[in-house]
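Peer 1: Got a predicted structure here, sequence first:
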Amino acid sequence: MVISQNLRNASSVMAWLSLSGAVLLTIAVPLAFLVPNPSFAFGGSKIAVAIDDLTGAVPLFDRALALLVLAVPLGCLIASLVLLFFLFRRYAVGSVFDVKSLRALRWITTLLFCFALLRPVALSINMYLFHLYLGQRWIGFKFDTQDFGMTFLAGVALVISRVMAEAKKLADENANFV
(Lines give C-alpha, C1' and ligand atoms only; values in the text may rest on other atoms or scores of the structure.)
Protein backbone atom coordinates (compact mmCIF):
# COMPACT_ATOMS: atom_id res chain seq x y z
CA MET A 1 0.00 0.00 0.00
CA VAL A 2 1.28 3.45 -0.89
CA ILE A 3 1.11 5.91 1.98
CA SER A 4 1.96 9.58 2.22
CA GLN A 5 5.26 10.83 3.55
CA ASN A 6 3.34 12.66 6.30
CA LEU A 7 1.91 9.35 7.55
CA ARG A 8 5.37 7.77 7.43
CA ASN A 9 6.89 10.63 9.42
CA ALA A 10 4.07 10.81 11.96
CA SER A 11 4.15 7.03 12.42
CA SER A 12 7.90 7.04 12.99
CA VAL A 13 7.66 9.83 15.56
CA MET A 14 4.77 8.14 17.36
CA ALA A 15 6.61 4.81 17.36
CA TRP A 16 9.55 6.29 19.23
CA LEU A 17 7.33 8.32 21.56
CA SER A 18 5.41 5.14 22.43
CA LEU A 19 8.60 3.24 23.16
CA SER A 20 9.94 6.18 25.21
CA GLY A 21 6.73 6.25 27.24
CA ALA A 22 6.96 2.52 27.91
CA VAL A 23 10.57 2.82 29.08
CA LEU A 24 9.83 5.90 31.19
CA LEU A 25 6.86 4.26 32.93
CA THR A 26 8.83 1.05 33.49
CA ILE A 27 11.55 3.00 35.31
CA ALA A 28 9.76 5.94 36.92
CA VAL A 29 6.72 4.29 38.51
CA PRO A 30 8.67 1.63 40.46
CA LEU A 31 11.16 4.33 41.43
CA ALA A 32 8.33 6.53 42.74
CA PHE A 33 7.10 3.64 44.90
CA LEU A 34 10.43 2.39 46.18
CA VAL A 35 12.06 5.79 46.71
CA PRO A 36 9.19 8.21 47.36
CA ASN A 37 10.26 11.82 47.30
CA PRO A 38 7.94 14.83 47.13
CA SER A 39 10.44 16.66 44.93
CA PHE A 40 10.26 13.76 42.47
CA ALA A 41 7.26 15.31 40.78
CA PHE A 42 6.92 12.86 37.93
CA GLY A 43 3.67 14.06 36.43
CA GLY A 44 3.22 10.85 34.50
CA SER A 45 2.96 8.94 37.76
CA LYS A 46 -0.51 10.44 38.14
CA ILE A 47 -1.46 8.13 35.29
CA ALA A 48 -0.89 5.09 37.42
CA VAL A 49 -0.23 6.15 40.99
CA ALA A 50 -2.01 8.23 43.58
CA ILE A 51 1.35 9.76 44.37
CA ASP A 52 -0.06 12.39 46.75
CA ASP A 53 -0.54 9.73 49.42
CA LEU A 54 2.78 8.00 48.82
CA THR A 55 5.46 9.18 51.22
CA GLY A 56 8.46 7.68 52.93
CA ALA A 57 6.27 7.28 56.03
CA VAL A 58 4.56 4.36 54.28
CA PRO A 59 6.64 1.27 55.13
CA LEU A 60 8.67 -0.21 52.28
CA PHE A 61 6.73 -3.49 52.46
CA ASP A 62 3.42 -1.66 51.95
CA ARG A 63 4.87 0.39 49.10
CA ALA A 64 6.21 -2.76 47.44
CA LEU A 65 2.84 -4.46 47.91
CA ALA A 66 1.10 -1.44 46.40
CA LEU A 67 3.48 -1.58 43.44
CA LEU A 68 2.61 -5.25 42.96
CA VAL A 69 -1.10 -4.39 43.00
CA LEU A 70 -0.46 -1.74 40.39
CA ALA A 71 1.67 -4.08 38.27
CA VAL A 72 -1.36 -5.55 36.48
CA PRO A 73 -2.91 -2.32 35.15
CA LEU A 74 0.52 -0.76 34.65
CA GLY A 75 1.61 -3.87 32.76
CA CYS A 76 -1.41 -3.46 30.47
CA LEU A 77 -0.44 0.15 29.79
CA ILE A 78 3.23 -0.61 29.16
CA ALA A 79 2.39 -3.59 26.93
CA SER A 80 0.03 -1.42 24.89
CA LEU A 81 2.77 1.20 24.45
CA VAL A 82 5.26 -1.45 23.30
CA LEU A 83 2.70 -2.85 20.86
CA LEU A 84 2.04 0.70 19.66
CA PHE A 85 5.74 1.02 18.87
CA PHE A 86 5.55 -2.04 16.62
CA LEU A 87 2.24 -0.97 15.09
CA PHE A 88 3.52 2.49 14.20
CA ARG A 89 6.68 0.95 12.73
CA ARG A 90 4.41 -1.17 10.52
CA TYR A 91 2.45 1.93 9.53
CA ALA A 92 5.69 3.71 8.63
CA VAL A 93 6.48 1.05 6.01
CA GLY A 94 2.96 1.03 4.58
CA SER A 95 1.42 -1.95 6.38
CA VAL A 96 -1.72 -0.16 7.51
CA PHE A 97 -4.64 -2.48 6.81
CA ASP A 98 -2.99 -5.88 6.83
CA VAL A 99 -4.00 -8.64 9.23
CA LYS A 100 -1.00 -8.21 11.57
CA SER A 101 -1.60 -4.48 11.96
CA LEU A 102 -5.30 -4.97 12.66
CA ARG A 103 -4.54 -7.73 15.16
CA ALA A 104 -1.99 -5.49 16.90
CA LEU A 105 -4.52 -2.65 17.00
CA ARG A 106 -7.10 -4.98 18.56
CA TRP A 107 -4.60 -6.07 21.24
CA ILE A 108 -3.59 -2.47 21.96
CA THR A 109 -7.16 -1.31 22.40
CA THR A 110 -8.02 -4.36 24.53
CA LEU A 111 -5.03 -3.69 26.79
CA LEU A 112 -5.93 0.00 27.09
CA PHE A 113 -9.51 -0.92 28.00
CA CYS A 114 -8.22 -3.37 30.64
CA PHE A 115 -5.93 -0.65 32.01
CA ALA A 116 -8.84 1.79 32.20
CA LEU A 117 -10.98 -0.74 34.09
CA LEU A 118 -8.26 -2.03 36.42
CA ARG A 119 -6.67 1.31 37.32
CA PRO A 120 -9.45 2.51 39.68
CA VAL A 121 -9.49 -0.87 41.42
CA ALA A 122 -5.71 -0.80 41.91
CA LEU A 123 -5.82 2.80 43.15
CA SER A 124 -8.51 1.92 45.69
CA ILE A 125 -6.48 -1.01 47.00
CA ASN A 126 -3.39 1.19 47.15
CA MET A 127 -5.19 3.93 49.07
CA TYR A 128 -6.12 1.31 51.65
CA LEU A 129 -2.50 0.13 51.86
CA PHE A 130 -1.09 3.67 52.12
CA HIS A 131 -3.28 4.51 55.11
CA LEU A 132 -2.65 1.33 57.10
CA TYR A 133 0.57 2.70 58.57
CA LEU A 134 -1.36 5.33 60.55
CA GLY A 135 -3.70 2.74 61.99
CA GLN A 136 -6.48 4.21 59.89
CA ARG A 137 -8.75 2.26 57.63
CA TRP A 138 -9.49 4.06 54.40
CA ILE A 139 -11.77 2.11 52.16
CA GLY A 140 -13.23 3.59 49.03
CA PHE A 141 -13.52 3.33 45.31
CA LYS A 142 -12.36 6.29 43.25
CA PHE A 143 -13.81 6.63 39.76
CA ASP A 144 -13.62 10.26 38.68
CA THR A 145 -14.18 12.02 35.37
CA GLN A 146 -10.64 11.22 34.24
CA ASP A 147 -11.29 7.51 34.85
CA PHE A 148 -14.65 7.75 33.10
CA GLY A 149 -13.14 9.54 30.12
CA MET A 150 -10.28 7.07 29.87
CA THR A 151 -12.63 4.08 30.07
CA PHE A 152 -15.02 5.59 27.54
CA LEU A 153 -12.28 6.47 25.03
CA ALA A 154 -10.61 3.08 25.45
CA GLY A 155 -13.98 1.42 24.83
CA VAL A 156 -14.55 3.54 21.73
CA ALA A 157 -11.09 2.67 20.41
CA LEU A 158 -11.78 -1.01 21.09
CA VAL A 159 -15.02 -0.92 19.10
CA ILE A 160 -13.38 1.03 16.26
CA SER A 161 -10.61 -1.57 16.02
CA ARG A 162 -13.24 -4.30 15.74
CA VAL A 163 -15.10 -2.32 13.06
CA MET A 164 -11.86 -1.88 11.10
CA ALA A 165 -11.24 -5.64 11.22
CA GLU A 166 -14.76 -6.31 9.93
CA ALA A 167 -14.29 -3.70 7.18
CA LYS A 168 -11.07 -5.45 6.13
CA LYS A 169 -12.93 -8.78 5.91
CA LEU A 170 -15.67 -7.21 3.79
CA ALA A 171 -13.13 -5.54 1.52
CA ASP A 172 -11.33 -8.87 1.02
CA GLU A 173 -14.62 -10.65 0.26
CA ASN A 174 -15.61 -7.96 -2.23
CA ALA A 175 -12.19 -8.14 -3.88
CA ASN A 176 -12.76 -11.85 -4.49
CA PHE A 177 -15.93 -11.10 -6.46
CA VAL A 178 -14.14 -8.82 -8.89
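Peer 2: Right, received. Where do you want to start?
Peer 1: Lowest-scoring secondary structure element of the chain by mean pLDDT?
Peer 2: helix 45-48 (a mean of 46; mean pLDDT, DSSP states H and E).
Peer 1: Work out for me the element the residue positioned nearest the centre of the chain sits within.
Peer 2: Computing the C-alpha centroid of the chain and ranking residues by CA atoms, centre = their mean puts residue 77 first, at 2.4 Å. Assigned by DSSP states H and E, residue 77 falls within helix 60-92.
Peer 1: follow-up on the earlier one: just give the nearest non-adjacent residue to the residue nearest to the centre of the chain, would you?
Peer 2: residue 115 (4.6 Å; CB to CB, 6 or more residues apart in numbering). C-beta: built from backbone N, CA, C; applies to glycine.
Peer 1: on contacts alone, who are the packing partners of whatever helix or strand that neighbour lives in?
Peer 2: Assigned by DSSP H and E, residue 115 belongs to helix 99-131. Applying 3 or more CB pairs under 8 Å, 6 or more residues apart in numbering; DSSP states H and E, one finds that helix 99-131 makes contact with helix 60-92, helix 145-177.
Peer 1: Can you pull the phi and psi angles for residue 4?
Peer 2: When read as degrees, to the nearest 10, the backbone of residue 4 gives phi -70, psi 160.
Peer 1: Tally up the residues packed near it, please.
Peer 2: 8 (other CB atoms under 10 Å).
Peer 1: cool, and residue 102?
Peer 2: When counting by other CB under 10 Å, one arrives at 20 neighbours for residue 102.
Peer 1: If I follow the layout properly, it ends up in contact with residue 167?
Peer 2: No: counting by CB atoms under 8 Å, residue 102 stays clear of residue 167, with 9.3 Å between them.
Peer 1: Could you give the average pLDDT over stretch 58-68?
Peer 2: Mean pLDDT, stretch 58-68: 82.
Peer 1: Stretch 71-86: how far from the chain's middle?
Peer 2: Averaging C-alpha positions (CA atoms, centre = their mean, to the nearest Å) puts stretch 71-86 5 Å from its chain's average.
Peer 1: actually stretch 97-117, not the one I wrote
Peer 2: With CA atoms, centre = their mean, you get 11 Å for stretch 97-117.
Peer 1: Give me the contact list for it.
Peer 2: For stretch 97-117, the surrounding residues in contact (CB atoms under 8 Å, 6 or more residues apart in numbering) are 1, 73-74, 76-77, 79-80, 83-84, 86-87, 90-91, 95, 147, 150-151, 153-155, 157-158, 160-162, 164-165, 168, 171.
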